[in-house]
Every structure is written in structure tokens, then in C-alpha cells.
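**Student:** Structure for this input, please:
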Amino acid sequence: MTWLAAVPAVVPTASTQQAIGYPSLFLLVLIGALVPVVPTGALVSTASVVAVHQTAPFSLALVFVTASLAAFLGDGALYWLGRRGMRSKNGSRWLEAIRARAPEDRLAQAQEKLAEHGVAVLVLSRLVPAGRIPVMLACLMAKWPMRRFSRGNLPACLAWAVTYQLIGILGGSLFDEPWEGVLAAIALTVLVSAMPSLWRKIRGAAKA
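**Tutor:** Predicted coordinates:
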């Protein structure tokens, strides 16, 4: 039975999976904050499902810290790049990318709410799908300093990480197999992301 002795060498241990998984989660969420095409919410939910089924202590806490820190640093980097573009005569490709993802009607709404409620709008913007970029651009146009943006963005990232982690915990708790929990978490994430758009369509139809 010599092959049994080789099994531990080829099957990744829980510590090996964590050593690969957490840096990967950090990197992907960081990239997703800079380039908003990566489904970062689904990533956090999926990582939380896996953490629920792990026996290693503090797995869920590590997912929360990793995701919220990566989101905070990514948002901060994007805002810093946007501020550089605002100060430049020719702008920058980062500023143009932010503007391209902030439709005029959403930007006008974000500016109005930002003027009325301040930091609270920044906190809520990360919980609303496609709400982060218009509010960030509104902060740039209002010439918020980096420190003020960071103070509001920290609780925003913490609330965002908690929300999507709870979705993952719910999906992971409902099923015995991790892959079933992952599918459930992804479905819940897609549903949450689609709800604001669906609600706007219903309101538009009702007004029409």
C-alpha cells in the first residue's frame, strides 16, 4: 500500500488551500475595485461558502478581513487615480473609465444625494449594484480630499463585505456539499444585483 503514503503529498491540505485562496481573493477583489468587471460580490460569497465547510478556525473572519481590506485599498487607489485625472489638464484614462461607467442620470442623482446626506451616501453606494462608481465620481467632482473619502469608504467596504459574506454563509448552511452552496450563493448574488434594475423598470412602467 505504498500509494497511501503518497496521498498526503498530492492532496492539498487545508492550510495549503488557505495559503492560495486568501491571496487570490485579495487580488481579485482588488482588481475588481479598480476595474469593475470582476464580480467581487460573488467572489466573497463563494469564499464564504468554502469557509463555512472548513474546519480551520477563523476562516470566515479571514475572508471578511481579506475582502474588506482589498475593497478598501482598491477603492482608495481608484479614487487617487481619479483625483490625479481631475487635476490634470488632459484628464486620464482612469478618470475617463470612471465617467464612462457613471450615466448622467445616475451621476446627477448621486450628486444630489451626496450634497444632502454626505458620507452616508458613500456607505450605501457599495451596497447598491452599480452605485459605487457614480457616487465616487460625485465625490471627485465635489473635490472631496482623500482623507474624507477614505473615512466614508471604510465603513462602506466593511458593510459590503458583511452583506456578501452573509449571502455565502446562508448558501453554505443550506447544503451539505460545498458546490451546492456555491451555486446557491451565486444565484442569491445575481438576484440581489438584479433587484435594483428590476425595480427601476417596474417604476418606469408604472409611471408610463
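**Student:** Okay, now the unreliable bits of this structure?
**Tutor:** Scanning the chain for pLDDT under 70 picks out 1-20, 55-57, 89-91, 174-208.
**Student:** switch the cut-off to 80
**Tutor:** Low-confidence segments of the chain, defined by pLDDT under 80: 1-21, 36-38, 53-57, 88-92, 129, 171-208.
**Student:** and the closest residue in space to residue 143 that isn't next to it in sequence, what element?
**Tutor:** Excluding the flanking residues, the one nearest residue 143 by C-beta to C-beta, 6 or more residues apart in numbering is residue 86, at 7.7 Å. (C-beta placed from N, C-alpha, C; glycine too.) Assigned by DSSP states H and E, residue 86 falls within helix 59-87.
**Student:** And that helix, what does it pack against?
**Tutor:** Secondary-structure packing of helix 59-87 (3 or more C-beta pairs under 8 Å, 6 or more residues apart in numbering; DSSP states H and E): helix 14-34, helix 40-52, helix 93-100, helix 132-141, helix 146-174.
**Student:** If we use 6 Å, what do you get?
**Tutor:** The criterion is 3 or more C-beta pairs under 6 Å, 6 or more residues apart in numbering; DSSP states H and E, and the helices and strands that helix 59-87 contacts are helix 14-34, helix 40-52, helix 93-100, helix 146-174.
**Student:** List the buried residues of the second one.
**Tutor:** When you say that, I think you mean helix 40-52. For helix 40-52, burial by neighbour count (16 or more other C-beta atoms under 10 Å) applies to 40-52.
**Student:** any chance of the residues you listed in CSV, with distance to residue 152 too?
**Tutor:** Below are these laid out as CSV (distance: C-beta to C-beta, whole Å):
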residue, distance to residue 152
40, 19
41, 20
42, 25
43, 23
44, 20
45, 24
46, 27
47, 25
48, 25
49, 30
50, 31
51, 28
52, 31
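**Student:** Just give me the closest of the residues you listed to residue 93.
**Tutor:** residue 40 (21.3 Å; C-beta to C-beta).
**Student:** so who does the closest one touch?
**Tutor:** Contact analysis of residue 40 by C-beta atoms under 6 Å, 6 or more residues apart in numbering lists 29, 32.
**Student:** mind running it again at 10 Å?
**Tutor:** Counting by C-beta atoms under 10 Å, 6 or more residues apart in numbering, residue 40 makes contact with 25, 28-33, 67, 70-71, 74, 160-161, 164, 189.
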